[in-house]
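Chemist: Below are the sequence and a predicted model; questions follow.
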Number of protein chains: 2
Amino acid sequence: MGRNAPSRLSVLRLGHRRDRDKRITSHLGLTARAFGADEVVLAGDRDPSALETWNSVTERFGGNFESRFEESPLSWLRRISKSGEATIVHLTMYGEAWRDATPSIPTDKPAVVVVGGTKVPSEVFHLSDYNISVGNQPHSEVAALAVFLDSWLGPLDSKSMFEGAQIKVLPSARGKVVINDDEE
Amino acid sequence: MGRNAPSRLSVLRLGHRRDRDKRITSHLGLTARAFGADEVVLAGDRDPSALETWNSVTERFGGNFESRFEESPLSWLRRISKSGEATIVHLTMYGEAWRDATPSIPTDKPAVVVVGGTKVPSEVFHLSDYNISVGNQPHSEVAALAVFLDSWLGPLDSKSMFEGAQIKVLPSARGKVVINDDEE
């Protein structure tokens, strides 16, 4: 994790629909990983292929990013909300402006960032400590997650974040620079 | 457009595949609109449904965002590169780090931000004035576009950006505040 990051950062993807959301959900989990989350938690349709994609990227590109399926996301959020064990941040186009809100979101305990699909139950708005919008325009939960995490956590220490990578891509103004440490 | 924004900002989506990329491309265009682009240019499969989605959102949520299909994106980029009429920025996980690069990208002329799908021709790397990565990890072109535009252009003047909206969502910490100006 970067500086001032919660001790554990989870991204909960609500309402996944296997066919319609396949690639959006896949991108969402990869975005969570790339911007510093420790795990993605999938709810909605049980879809092993999403978890396989995320695990495969982690295996090749390093780090300890985890993924799992959650049967009862609302029960899980209710428990967290009641115990106060983690901060719940809900990303929604109806929320308060991220630029105003991020500085006040605590980073001294774990956090769960909730990302809806369609039809998020209104209870989620109430269980959440923060309802945050990245602009109040319709766009993409993938875009919202990336901008929010980047704004909240700042630059990652990507060297430590993605330890054990078989494949490393190095920044380059021209052409591709890829280091392949796969020893097979 | 926000401050220090190019006079015209286009986002070119390369290699769209109608079935596989439907929702990613849709989110990409909406993200372009929400983060201050003037138009999205679709290349690859000719897919009227993508343009319909973007136009429908613009009609309801305001602004002058445009969309069109481009049959020959490489010819278009070659022409722009040769004339120097616009800055070409290619977003790629192989590029140089966005935090380092964005301050030096000029905003005093139009710009085209190129977003690949799979298999971007290597010529695009050479035609582009900047090859920019948002992290060198695999994640999502939607995430990359949002973070790049937000970082490059800064806060938008969304009041002027999205004039003429029938639907306005206002920031709110709890619940949804939606103003519907549709006069029908």
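Modeler: Nice, thanks for sending it over.

Chemist: tell me the phi and psi of A:Val177?
Modeler: phi -120, psi 110 (degrees, to the nearest 10).

Chemist: Burial check on it, number of neighbours?
Modeler: Here the number of neighbours of A:Val177 (other CB atoms under 10 Å in any protein chain shown) works out to 12. All C-beta atoms are positioned from the backbone trio N, CA, C, and that covers glycine.

Chemist: Can you give me the pLDDT of the closest residue to it other than its chain neighbours?
Modeler: Among residues not flanking A:Val177 along the chain, A:Leu170 sits closest, at 4.2 Å (CB to CB, 6 or more residues apart in numbering or on different chains). Per-residue pLDDT puts A:Leu170 at 93.

Chemist: wouldn't A:Leu170 be in contact with B:Asn136 here?
Modeler: Yes. Using CB atoms under 8 Å, A:Leu170 is in contact with B:Asn136, at 6.7 Å.

Chemist: Give me the secondary structure label for the residue nearest the centre of chain A.
Modeler: The centroid of chain A falls nearest to A:Ala32 when counting by CA atoms, centre = their mean (3.1 Å). Put simply, A:Ala32 is helix when judged by DSSP: H, G, I helix; E, B strand; the rest coil.

Chemist: ok, so what distance separates it from A:Leu42?
Modeler: 11 Å (CB to CB, to the nearest Å).

Chemist: pLDDT weak spots in chain A?
Modeler: A:1-3, A:182-184 (pLDDT under 70).

Chemist: can you give me the helices for it?
Modeler: Applying DSSP state H to chain A gives helices spanning A:22-34, A:48-61, A:73-83, A:98-101, A:122-127, A:141-153, A:158-161.

Chemist: okay, the ones you listed in TSV with distance to A:Ser7 next?
Modeler: TSV is the format used below for these (distance: least, CB to CB, whole Å):
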stretch	distance to A:Ser7
helix A:22-34	16
helix A:48-61	20
helix A:73-83	14
helix A:98-101	21
helix A:122-127	21
helix A:141-153	13
helix A:158-161	15
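
Chemist: need the contact list for the residue nearest to the centre of chain A.
Modeler: Residues near A:Ala32 by CB atoms under 8 Å, 6 or more residues apart in numbering or on different chains: A:Val11, A:Glu39, A:Val40, A:Phe65, A:Val113, A:Leu145, A:Leu149.

Chemist: Same question for A:Arg33.
Modeler: A:Val40, A:Trp54, A:Val57, A:Thr58, A:Gly63, A:Phe65, B:Gln137, B:His139.

Chemist: Try it again at 6 Å.
Modeler: A:Phe65 (CB atoms under 6 Å, 6 or more residues apart in numbering or on different chains).

Chemist: and if you look at the one 10 residues further on?
Modeler: Shown in contact with A:Ala43 (CB under 6 Å, 6+ apart): A:Leu14, A:Glu70, A:Pro73.
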